[in-house]
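# Below is the structure, and that's it, no one-letter string:
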């Protein structure tokens, strides 16, 4: 049985901007708890937490890492997450498994781009939030400035629980504002007393019963305050602010004490709702009790070189034992469990059961996917899907050698199953395999992963072709006479046809208007086939033809020399002739783009969109952020992430989705056709 109760668990995600010391803090926690005997350093490649070869080589976190320690009788399960937006999917998965987000902010850097993003996402996920100011021993550390920025950006719910003794190289310790020691300076004692009172007020205000007693002048005990504080953190009415210097282990023990005292347990924190399958949203009650029906949700998946596919899940209700097996609500089937693991970075330890609040993993169940609900099949409940950010940066991919194509396909399939911000799909319009990720860095990491074991596949990337389409703007006739004599049986077919534009989205219609048997009935399907094949290849620039009506109106045949092949050839050439006479145009995909940037960049973004043939549809304001909605040709924003990062210094983000097709302006169309002709000439020369 489990050696802990649900009330003894504290689940939290370590998050924030890159290079603020999150992973170093996690390493310090492991060292303090006696789990490790050294402080691993990510930048030196010696991190216990960043154990993947890619992470060690690059010196920063790429994947979320599950860790657990014991502190003062409590089980702390923490998930260290990447700090760069390129790997935001790992943060989203982690947030689905915890009650609290511990947001790290460096004392020498302050609030940065991803600080705001994880703060917002944690709030959207319904998590409690706490802040830890790291690197208090840094040369440029400035606690008061960092705290002022925190409160002005995130609100007055942010109240210090720990105050620093000194700063920069003179940082020597921390003081609790609720229980300050007597041997501190008068100034620090006064600051602690003032801040402690503000903290008490904030805690009491979140609890009506305590507030009533407090207003009546009754003394509230420290134990009652601490119990109420965890409820206030869970509600979001209190955001405790902590501080430390992880590398020197100053304040680390006090931060752990605060996590134990203030972070809500799974019994007190966010209650995640699940619904009964097929019951149109009818709730399924799943209290965080070991006796309730079992339910859990998968939030992470990876392939371990020794145990195979690992699926990580958070237990929300009930008790799971290995002999119980797992019922997958999506698949509607039960799988056997070989082992149930508690995970510590890259290591797994067998456990005999899991209770509400536990974060565990199982191996070698290939059907388990991220966001799957596993539950009691006698009383199933399904948790909502996880909402991952939409990847925006696409590249066309092909194996470097022909023999690697199947291995590349298998590798990409495996990676997409464990990274929900990475997509790989064949584009039927351009006949390319298109991979899509969060950024160029994200895709670079994946390419590096493909080159290493177990995949060992070299992949070439290039800009994907824009899926233009060809169509016509007028009615026209076309004709072709195909005649070839080669000594024996010849080839003969003559076709007259008419093309007309169709309403956008109608694609293709074929009409047989032959009278008098000028083209025998058995050859009419060949005429249509020749037209369809030419439409698929395109006429003016090599893109698929759409929204055209084709009517075959007349023709001639020969009793001996006519054949299906001859009529296919004749109709293909006749269609090309008619198409070129019918004012051909290119259609380009238009996307809806929503760009979120600080207000100071509004003018730069508007001007840039105008230069990309974009049309702004509206602007909304959210705090100090502007949200710009626009429509713009896909060709103009196919590599927009790089430009947006350049304009905003990484402070902007965007989402994009297909809207519709529009006619390409004449000047742009000429350039596209010329480029296609040049490419075709090059292929023919080769």
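Thanks, I have the structure now. The structure presented is a predicted model; accordingly, all values stated were derived computationally and were not measured.
# nearest residue to residue 66 other than its sequence neighbours?
Spatially, and ignoring its direct neighbours in sequence, residue 66 is nearest to residue 343 (4.6 Å; Cβ to Cβ, 6 or more residues apart in numbering). Glycine gets a C-beta too; all of them are placed from N, C-alpha and C.
# and that neighbour, how many neighbours does it have?
When neighbours are counted by other Cβ atoms under 10 Å, residue 343 registers 21.
# Please report how far it lies from residue 311.
For residue 343, the distance to residue 311 equals 11 Å [Cβ to Cβ, to the nearest Å].
# which residues do those two both contact?
By Cβ atoms under 8 Å, 6 or more residues apart in numbering, residue 343 and residue 311 have these common neighbours: residue 361.
# returning to what we had before: show me what contacts the residue nearest to residue 66?
Per Cβ under 8 Å, 6+ apart, neighbours of residue 343: 66, 68, 310, 312, 349, 359-361.
# out of the residues you listed, who's nearest residue 601?
Set against residue 601, the nearest of these by Cβ to Cβ is residue 66 (37.1 Å).
# mind checking which helix or strand the closest one is in?
strand 65-71 (DSSP states H and E).
# chain center to that strand: distance?
On the basis of Cα atoms, centre = their mean, to the nearest Å, strand 65-71 sits 25 Å off its chain's mean C-alpha point.
# After it, which helix or strand is next?
As assigned by DSSP H and E, the chain's next helix or strand after strand 65-71 is strand 74-80.
# Tell me which helix or strand the residue nearest to residue 66 sits in.
Here residue 343 is assigned to strand 340-344, by DSSP H and E.
# For that strand, which strands pair with it and how are they oriented?
Sheet pairing for strand 340-344, assigned by DSSP bridges, gives strand 347-350 (antiparallel), strand 359-363 (antiparallel).
# Which stretch among the ones you listed is buried most, on average?
strand 359-363 (a mean of 23; mean count of other Cβ atoms under 10 Å).
# Nearest to residue 194, out of the contacts of residue 343: which one, please.
Using Cβ to Cβ, the contacts of residue 343 come closest to residue 194 at residue 68, 36.7 Å.
# ok now do that closest one, which residues does it touch?
Residue 68 makes contact with 75-78, 342-344, 359, according to Cβ under 8 Å, 6+ apart.
# Okay, it and residue 613: tell me how far apart.
53 Å.
# One more: residue 233?
49 Å.
# One more: residue 679?
Taken as Cβ to Cβ, the span from residue 679 to residue 613 is 23 Å.
# Neighbour count for the two, which is higher?
residue 613 (18 against 12).
# centre of the chain versus stretch 486-499, how much separation?
How far stretch 486-499 lies from its chain's middle: 55 Å, per Cα atoms, centre = their mean.
# Same question for stretch 581-592: list its buried residues.
Buried positions in stretch 581-592, judged by neighbour count with 16 or more other Cβ atoms under 10 Å: 582, 584-591.
# my read: residue 581 touches residue 479, true?
No: applying Cβ atoms under 8 Å, one finds residue 581 not in contact with residue 479, separated by 10.2 Å.
# Without its sequence neighbours, what residue ends up closest to residue 274?
residue 381 (3.7 Å).
# How about the contacts made by the one you found?
With Cβ under 8 Å, 6+ apart, residue 381 has these contacts: 274-277, 284, 286, 293, 295, 329, 373, 375.
# do residue 368 as well
298, 301, 309, 311, 326, 328, 335, 362, 374.
# Touching, the fourth one and residue 361? I think so.
Spelled out, that is residue 311. Yes: here residue 311 reaches residue 361: they are 6.3 Å apart, a contact under Cβ under 8 Å.
# picking that back up, partner strands of the strand holding residue 66 and their direction?
Strand pairing (DSSP bridges) places strand 65-71 next to strand 74-80 (antiparallel).
# Any idea how far the following helix or strand past the strand it pairs with is from the middle of the chain?
Once strand 74-80 ends, the next helix or strand along the chain (criterion: DSSP H and E) is helix 88-95. With Cα atoms, centre = their mean as the basis, helix 88-95 stands 8 Å off its chain's centre.
# same deal with stretch 606-620?
25 Å.
# Just the mean pLDDT for stretch 619-631, thanks.
Stretch 619-631 shows an average pLDDT of 90 in the prediction.
# Just the closest of the buried residues of stretch 581-592 to residue 200, please.
Nearest member of the buried residues of stretch 581-592 to residue 200, counting by Cβ to Cβ, is residue 591, at 52.1 Å.
# Surely the closest one is in contact with residue 635?
No: when contacts are counted by Cβ under 8 Å, residue 591 is not listed as touching residue 635 (9.9 Å).
# And stretch 5-13, what's buried?
Of all the residues in stretch 5-13, those buried under the rule 16+ other Cβ under 10 Å are 6, 8-13.
# residue ranges for the strands of the stretch 451-600 of the chain, please.
Ranges of strands within the stretch 451-600 of the chain are 459-462, 469-472, 476-484, 491-501, 508-512, 548-556, 584-598, based on DSSP state E, counting those that start in this stretch.
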